[in-house]
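# got a predicted model here, sequence first, then my questions.
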Amino acid sequence: MSEPKFVDDLKFTRNIGIMAHIDAGKTTTTERILFYTGKSHKMGEVHDGNTVMDWMVQEQERGITITSAATMCFWKNYRINLIDTPGHVDFTIEVERSLRVLDGAIAVFDGVNGVEPQSETVWRQADKHKVPRICFVNKMDRVGADFAMSVGTIASKLNANPIVIHVPIGNENNFTGVVDLIEMKALIWAKSQTGVDFEVVEIPDELKNIANSHHEKLIEKVSEFDDSLLEKYVDGKNITAAEIKAALRKGTLSLKATPVLCGSAFKNKCVQPLLDAVLDFLPSPLDVPDVVGFDPEREDKKITCKTDISEPVAALAFKIANDPFAGSLTYVRVYSGIINVGMQLLVSRESKKERIQRLVKMHASSREEIQALKAGDIGAVVGLKFTTTGDTLCETRRPVVLESISFPEPVISVAIEAKSQGDQDKMMQALDRLQKEDPSCHVKSDPETGQMLLSGMGELHLEILVDRMLREFKVQANVGKPMVSYRETITDTIKASGHFQREIAGKNHFAEVTIEISPLPRGAGIQFTNKTKNIQGLTDEFLRAVRDGVKDSSEVGALSGYPLIDVGVSLISASIKQDESSAIAFKIAAANTFREALKKAKSQLLEPMFKLEVITPEEFMGGVIGDLNARRGKVNHMTPRGVSQVIEAEVPLQTMFGYATDLRSLTQGRATFTMEFLEYSVVPPKIEQEILHNVGR
């Protein structure tokens, strides 16, 4: 499809993502969008392994999305930059970094199950990044599909304000279309196999009362977002479809409302109205607030990067990928200015410069060469050397650091070693490349055993990483059993003082510090606070050195060497000698003092707890619950769903290895489950002793 001439007007651009729980139909919906917009000429199917967006071999084999894939298409003269994200909890980093750079999102829900565990996770991620959404209740053709129930779960479980703009016509196998509550017309997909053609007809008589009732509720809700519309509604005046759309758009952009549509992507029904809703209700780059960064030299100096091509360049690198033909691909969202081929840009975190040699627009795994990326665009740069995920690319005339991307900590590890000495160097190169691509994957050497540990977000995540090493990098490796990544924390508040004084390279280095460490609530991480007052000579450089020393020391706990979390560290006082005090001295003094304080504090071991949802036929409930109790699980809720029961529980990851096999044997293969990371929790004393004994402490 040719690009419209006026597409440079950002008003006609939409940067959106598709997010959902696993198997809700994201990729199928994306395939239909590409087909109806003319981007592809054949609809791929996930079960056939021939979708455009799931291009990795591992995705096609497993029928799931592993990596977010970007593409661009056109609908009614609007350009849509689209990212299809994974639904599996192990690949939540892909959703996180996509939502960080997108302006809007489509949340897809399974019409039978409504809001599912990973739906809640991606919704919270969208809330965090203040991304406006529209909802698409998919799979309305499935047995047990219930639109009203699904909308109810969006309100109750996500604490959202769903505003229904569709009513389904027919249900399950008889689902044929929807009533458009804004235009008050029926859209019927009865004859076309591909779904390209549909009829716009009058609302069937049997649905007129329901449609009128919903239309009245729709007007009542959207009038809250527009005072003039509220006046017309109170006065009983006629309200047009255009006025409803304008008010609903206002509510959606302010995150006060979420339009809800329904359909069946697999049966090719109602995808075109979804595309219309993207244009009508989701923001253009001009509708979202200008991004604010800070000066690399002074974090308190804010810099606003306006969505304007005449501004200096500010772009965020949100994903690194390895292309077997092009080499390293760095996906970027441009917030201001124009990136041209041949430009030299600054990586502000590293203070290093990168030459822009090639720019491409991505369509899943294929590339289209372009000469420029403008404010509001999403594209990729080929061959950058120093840029990593979360880095800012900017011009030297206006250095700026944009808010980076937060990455989840790995919760599970495996020992990995090359099968032969010849594979050792190749394995290290492969692991280094995988870490750059996927910041939720960590590689480190165990200081006691010398083993190489590969850490990730779950068993599937680790399985995919090892598989990629074999297929992409041709590395044969031996992989050990999965191990849980524990954490440590403290329960006491301890104060300690320490100093560093030594001659290095003919120069005296001196620093003296007093710090206090104290426990913090779960999820707080390591927090550093400067509580000194007016100490002459205590520069920002010295404070950064103290913070870095504390951070480095917090990587190794006192109990068994696991990283520390949820600890507050306060700098109480510091002594400085003119011409002798240095940043390196303060860093070493802080690190040593922190370790001394840690020895005196009472340490506790923490383990990753997961939220588990099991859907099982009722007759197997007793066995499933008994098994969870044996795994130290805590059952929180049991809810009937049709002929099945939904069990919600909290379980320690340590006891859940091999659960898929055990659950299958307990329920004759009829139960399903999903897990997602919840929090780190204190390990019971008896279990803690066993763990510490096993790690040789």
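Nice, I can see it.
# how far does stretch 182-197 sit from the chain's center?
Stretch 182-197 sits 34 Å away from the centroid of its parent chain (C-alpha atoms, centre = their mean, to the nearest Å).
# and what of stretch 616-636?
With C-alpha atoms, centre = their mean as the basis, the mean position of stretch 616-636 lies at 30 Å from the chain mean.
# repeat for stretch 180-193
34 Å.
# kindly report the same for stretch 21-38.
So, by C-alpha atoms, centre = their mean, the centroid of stretch 21-38 is 19 Å from its chain's centroid.
# which parts of it are buried?
Within stretch 21-38, the residues scored as buried using 16 or more other C-beta atoms under 10 Å are 21-37. Any C-beta I mention is one placed from the backbone N, CA and C, and that applies to glycine too.
# ok, now stretch 233-247?
Y233, I239, E243, I244, K245, A246, A247.
# tell me how far the ends of it are from each other?
Stretch 233-247 has an end-to-end distance of 12 Å (C-alpha to C-alpha, to the nearest Å).
# what's it in contact with?
182-184, 218-220, 222-223, 225-226, 229, 232, 280-281 (C-beta atoms under 8 Å, 6 or more residues apart in numbering).
# on that earlier part again, now render the buried residues of stretch 233-247 as JSON lines, adding secondary structure.
What follows is the buried residues of stretch 233-247, written out as JSON lines (DSSP: H, G, I helix; E, B strand; the rest coil):
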{"residue": "Y233", "secondary structure": "helix"}
{"residue": "I239", "secondary structure": "coil"}
{"residue": "E243", "secondary structure": "helix"}
{"residue": "I244", "secondary structure": "helix"}
{"residue": "K245", "secondary structure": "helix"}
{"residue": "A246", "secondary structure": "helix"}
{"residue": "A247", "secondary structure": "helix"}
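# pick out the most distant pair among the residues you listed.
Farthest apart among the buried residues of stretch 233-247 by C-beta to C-beta are Y233 and K245. That separation is 15.2 Å.
# picking up where we left off before, by neighbours, which of the contacts of stretch 233-247 wins?
Among the contacts of stretch 233-247, the one with the most neighbours (other C-beta atoms under 10 Å) is V222, at 28 neighbours.
# and what about T388, helix, strand or coil?
Applying three-state DSSP: T388 is coil.
# mind putting the buried residues of stretch 233-247 into a markdown table with pLDDT?
What follows is these, written out as a markdown table (pLDDT from 0 to 100):
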| residue | pLDDT |
| --- | --- |
| Y233 | 84 |
| I239 | 89 |
| E243 | 94 |
| I244 | 95 |
| K245 | 95 |
| A246 | 95 |
| A247 | 95 |
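# what's the closest of the residues you listed to G170?
I244 (24.9 Å).
# still on that earlier bit, which one of the buried residues of stretch 233-247 is nearest to H214?
Nearest member of those to H214, counting by C-beta to C-beta, is I244, at 12.3 Å.
# kindly provide the distance from that closest one to K507.
I244 is 73 Å from K507, where distance means C-beta to C-beta, to the nearest Å.
# does anything pack onto the longest strand seen in the chain? Which helices or strands?
Under DSSP state E, the strand in the chain containing the largest number of residues is strand 603-617. The helices and strands touching strand 603-617, judged by 3 or more C-beta pairs under 8 Å, 6 or more residues apart in numbering; DSSP states H and E, are strand 487-490, helix 621-630, strand 644-652, strand 672-682, helix 685-694.
# who are the contact partners of the residue nearest the centre of the chain?
Centroid-nearest residue in the chain: E96, 1.8 Å away (criterion: C-alpha atoms, centre = their mean). Neighbouring residues of E96 by C-beta under 8 Å, 6+ apart: Q125, I405, S406, F407, P408.
# next step: those residues restricted to helices.
Q125 (DSSP state H).
# for the contacts of E96, work out which two are farthest apart.
Q125 and F407 (12.4 Å).
# more neighbours: which of the two?
Q125 (21 against 17).
# contacts only, for the more buried one.
So Q125 contacts M19, T92, V95, E96, L99 (C-beta under 8 Å, 6+ apart).
# want to throw those into TSV with secondary structure?
Compiled in TSV, these are given as follows (three-state DSSP):
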residue	secondary structure
M19	strand
T92	helix
V95	helix
E96	helix
L99	helix
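# among those residues, which one has the most neighbours?
Neighbour-wise, these (other C-beta under 10 Å) top out at M19, 31 neighbours.
# Three-state assignment for the closest residue to that residue other than its chain neighbours, please.
Closest residue in space to M19, ignoring its immediate chain neighbours: V122 at 4.3 Å, by C-beta to C-beta, 6 or more residues apart in numbering. Assigned with three-state DSSP, V122 falls in the helix class.
# I figured V122 hits I18, correct?
No - under the criterion of C-beta atoms under 8 Å, V122 makes no contact with I18, lying 10.1 Å away.
# any idea how far S40 is from I83?
16 Å.
# low-confidence ranges, the chain, go.
Scanning the chain with the threshold set as pLDDT under 70 gives 1-8, 41-66, 324, 326, 364-365, 446-450, 695-697.
# change it to 50
Scanning the chain for pLDDT under 50 picks out the ranges 1-7, 697.
# where exactly do the helices run in the stretch 251-400 of the chain?
271-281 (DSSP state H, counting those that start in this stretch).
# which residues in the stretch 1-150 of the chain form strands?
Remark: strands assigned in the stretch 1-150 of the chain by DSSP state E, counting those that start in this stretch are 13-20, 69-75, 78-84, 104-110, 133-138.
# quick one, the shortest one and strand 104-110 angle?
When you say that, I think you mean strand 133-138. For strand 133-138 against strand 104-110, the angle by axes from the mean of the first three to the mean of the last three C-alpha atoms, to 10 degrees is 30 degrees.
# listing partners with orientation, what would you give for strand 133-138?
strand 104-110 (parallel), strand 258-262 (parallel) (DSSP bridges).
# how about CSV for those strands, with mean neighbour count and distance to I490 added?
As requested, these are exported to CSV (neighbours: other C-beta atoms under 10 Å; distance: least, C-beta to C-beta, whole Å):
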stretch, mean neighbour count, distance to I490
strand 104-110, 25, 39
strand 258-262, 24, 42
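# for G480, which of these is the nearest?
Nearest of these (C-beta to C-beta): strand 104-110, 36.4 Å.
# more neighbours, S40 and I83?
Neighbour totals were compared for S40 and I83, and I83 leads with 28 against 20 (other C-beta under 10 Å).
# which residues does the residue nearest to K250 when sequence neighbours are not counted contact?
Nearest residue to K250, sequence neighbours excluded (C-beta to C-beta, 6+ apart): F225, at 4.6 Å. Contact partners of F225, counting by C-beta under 8 Å, 6+ apart, are A247, L248, K250, G251, S254, K256, A257.
# out of those, which are buried?
Of the contacts of F225, these count as buried by 16+ other C-beta under 10 Å: A247, L248, K250, G251, A257.
# restricted to strands, list those residues.
Those of the buried ones among the contacts of F225 lying in strands (DSSP E): none at all.
# kindly reformat those as a markdown table containing distance to N268.
Output for these, formatted as a markdown table (distance: C-beta to C-beta, whole Å):
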| residue | distance to N268 |
| --- | --- |
| A247 | 31 |
| L248 | 26 |
| K250 | 32 |
| G251 | 30 |
| A257 | 28 |
